[in-house]
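A.B. asks: How does the following fold in three dimensions:
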Amino acid sequence: MAKVFLKRMNRRISGGHLWIFYNEILKVEGEYENGSVVDVFRPDGSFFGKGYINDNSKIRVRILTWKNEVIDRNFIKNRIESALKRKKKLVKETTAFRVVHSEGDFLPGLIVDLFGDYLVFQITTLGMEKMKDWILDSLVEIFKPKGIYEKSEGTFREKEGLDNREEWVYGKGPELIEFEMNGFKFLADTRGQKTGFFLDQRENARMVMDLAEGKVCLDVFSYTGNFAVHLLKGGAKHVTLVDYSERALEVAREILKLNGFDSSRYDLLPGNAFDILKSFDREGRKYDLVVLDPPSFAKSSSNLESARRGYKEINLRAMRILKKPGVLVTSSCTQIVSEELFREILFDASFDTKTSLTVLRRGGQPPDHPVLMNVPETQYLKFYILQVDKR
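C.D. replies: Residues are numbered from 1 along each chain as shown. Next up, the predicted model:
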């Protein structure tokens, strides 16, 4: 096994961060293949941990353990069982939750979501790709699922030199997987985004129910209607769902039907959210409550400024089309935009629209999407429910 020697023990590495960047490595002794497990040593030659290496990534080594232990099928199975045990105590009122949350569960590069009797997983790194057989064997043994779907795609795989894979790898299952959450029926779309449903907004969506009674609502970047379902169940008079994906809206329609909502209480509007918000602003449309749940506007720090402009634009438009007082439900799902910056963006939009913002509720990631404080990048979801008033 190859040996990786660190240049120095900086505060980030010493504090338990799982990433070792290329410029933090002094030397590598021994031969290795990209994706293989290596031993990592401190500058004084003492053992530090084990991780997998990839020369094609700026994150050269991702730490799996600080113990001098064997990385094999049992290691993977134990990590999955440990995550599952912890989450079963914390996750309630759902038949779907995140089993493995990458670095948050000490398995960097692996995402596993449970939807009823089925599992959907995503691998984003070469090192975890090489352990896929161990992962599948472990998932089958632990869960005994009807089917396991691999949905490994995206720019992260490209950077790791991996092809996209979207297929059933164990058993078979439906294209739309039904599950229950917060007492409602939902569908995870195996042809949709990520693993098919954004489980990280589960608790945040439940918060909006208390504020929905009698309100005319706009759900922007609605995807398959998580927030819309909760708004309608909370007594909203009407909800308009906006998303660029016609397929997502068709799945949303099926979900709304599954939950028995009268079609007169909602409508679905496909299109560019930025353009639609602008047109609603020009037309003078007004809503009692607006939800903004956009995709990540920044995948890396090089996109930060454009992301800032995007977040400000949609929040500014939402503030303009809200009745006063009105309720703005807004979030950001990228770790590139910090909590402090997101609040600054909201203030800037408030300043330009001559409004004041009162925080009614704050949210974040549910316990099945754990934040590892040693790895600040694991904290990505910011969520606010704000009352918007004239100033």
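A.B. asks: What segments of the stretch 251-391 of the chain are strands?
C.D. replies: 266-270, 287-292, 322-332, 355-363, 382-390 (DSSP state E, counting those that start in this stretch).
A.B. asks: Could you look up the SS state of the closest residue to residue 96 other than its chain neighbours?
C.D. replies: Of all residues not flanking residue 96 in the chain, residue 179 sits nearest, at 4.1 Å (Cβ to Cβ, 6 or more residues apart in numbering). Any C-beta I mention is one placed from the backbone N, CA and C, and that applies to glycine too. Put simply, residue 179 is strand when judged by DSSP: H, G, I helix; E, B strand; the rest coil.
A.B. asks: looking at this protein, which residue ends up farthest from its center?
C.D. replies: residue 44 (38.7 Å; Cα atoms, centre = their mean).
A.B. asks: before we move on, back to that, number of residues surrounding the residue nearest to residue 96?
C.D. replies: 22 (other Cβ atoms under 10 Å).
A.B. asks: mind checking pLDDT for it?
C.D. replies: We have a pLDDT of 98 for residue 179.
A.B. asks: So it is in contact with residue 97, correct?
C.D. replies: No - checked against Cβ atoms under 8 Å, the pair residue 179 and residue 97 is beyond contact range at 9.5 Å.
A.B. asks: which of the strands of the stretch 251-391 of the chain sits most buried?
C.D. replies: Stretch with highest mean neighbour count among the strands of the stretch 251-391 of the chain: strand 287-292 (a mean of 24; mean count of other Cβ atoms under 10 Å).
A.B. asks: residue contacts, residue 207?
C.D. replies: 361, 363, 385 (Cβ atoms under 8 Å, 6 or more residues apart in numbering).
A.B. asks: Can I get the strands of the stretch 251-391 of the chain in a markdown table including distance to residue 191 and mean pLDDT?
C.D. replies: Listed next are the strands of the stretch 251-391 of the chain as a markdown table, based on distance: least, Cβ to Cβ, whole Å; pLDDT from 0 to 100:
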| stretch | distance to residue 191 | mean pLDDT |
| --- | --- | --- |
| strand 266-270 | 16 | 98 |
| strand 287-292 | 24 | 98 |
| strand 322-332 | 24 | 97 |
| strand 355-363 | 28 | 98 |
| strand 382-390 | 27 | 98 |
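A.B. asks: Can you say which of these is nearest to residue 232?
C.D. replies: strand 266-270 (6.7 Å; Cβ to Cβ).
A.B. asks: Tell me which residues are up against the closest one.
C.D. replies: So strand 266-270 is contacted by 228, 232, 238-246, 249, 252-253, 256, 276 (Cβ under 8 Å, 6+ apart).
A.B. asks: rerun at 6 Å
C.D. replies: 239, 240, 241, 242, 246, 249 (Cβ atoms under 6 Å, 6 or more residues apart in numbering).
A.B. asks: Parallel or antiparallel, which strands does it pair with?
C.D. replies: With DSSP bridges as the test, strand 266-270 is paired with strand 238-243 (parallel).
A.B. asks: Could you check how far the strand it pairs with is from the centre of its chain?
C.D. replies: 22 Å (Cα atoms, centre = their mean, to the nearest Å).
A.B. asks: Same check on stretch 340-353?
C.D. replies: The answer for stretch 340-353 is 23 Å, by Cα atoms, centre = their mean.
A.B. asks: that older thread, drop anything exposed from the contacts of strand 266-270.
C.D. replies: 239, 240, 241, 242, 249 (16 or more other Cβ atoms under 10 Å).
A.B. asks: Closest to residue 26 out of these?
C.D. replies: residue 242 (52.1 Å).
A.B. asks: Residue 277 is in contact with that closest one, correct?
C.D. replies: No - assessed by Cβ atoms under 6 Å, residue 242 is found out of contact with residue 277, at 8.2 Å.
A.B. asks: and the nearest residue to residue 42 once chain neighbours are set aside, what is it in contact with?
C.D. replies: Counting by Cβ to Cβ, 6+ apart, the nearest residue to residue 42 once its immediate chain neighbours are dropped is residue 48, at 5.0 Å. Neighbour list for residue 48: 40, 41, 42 [criterion: Cβ under 6 Å, 6+ apart].
A.B. asks: Relative to the whole chain's centre, how far out is the helix or strand of the chain with the lowest mean pLDDT?
C.D. replies: In the chain, the helix or strand scored least confidently by mean pLDDT, DSSP states H and E is helix 155-159, which has a mean of 86. Mean-position distance between helix 155-159 and its chain equals 17 Å (Cα atoms, centre = their mean).
A.B. asks: Buried ones in that helix, by neighbour count?
C.D. replies: Residues of helix 155-159 classed as buried: 156, 157, 159 (neighbour count, 16+ other Cβ under 10 Å).
A.B. asks: List the contacts of the second one.
C.D. replies: What it means is residue 157. Counting by Cβ under 6 Å, 6+ apart, residue 157 touches residue 124.
A.B. asks: rerun that using 10 Å as the cut-off
C.D. replies: Residues near residue 157 by Cβ atoms under 10 Å, 6 or more residues apart in numbering: 109, 122, 123, 124, 125, 126, 129, 163, 164, 165.
A.B. asks: ok, the third one - contacts?
C.D. replies: The neighbourhood of residue 123, defined by Cβ under 10 Å, 6+ apart, consists of 102, 109-112, 129-132, 135, 150-153, 156-157, 160, 162, 165.
A.B. asks: quick one: buried residues of stretch 77-85?
C.D. replies: The neighbour-count check on stretch 77-85 (16+ other Cβ under 10 Å) flags 77, 79, 80, 83, 84 as buried.
A.B. asks: my read is the first one is in a helix, agree?
C.D. replies: This means residue 77. Yes - according to three-state DSSP, residue 77 belongs to a helix.
A.B. asks: For it, report the pLDDT, please.
C.D. replies: Here, the pLDDT recorded for residue 77 equals 98.
A.B. asks: Same question for the one 3 residues further on.
C.D. replies: At residue 80, the predicted lDDT confidence score is 98.
A.B. asks: Leaving out the residues flanking it, which one is nearest to it?
C.D. replies: Counting by Cβ to Cβ, 6+ apart, residue 138 is the residue found nearest to residue 80 once chain neighbours are left out, at 5.4 Å.
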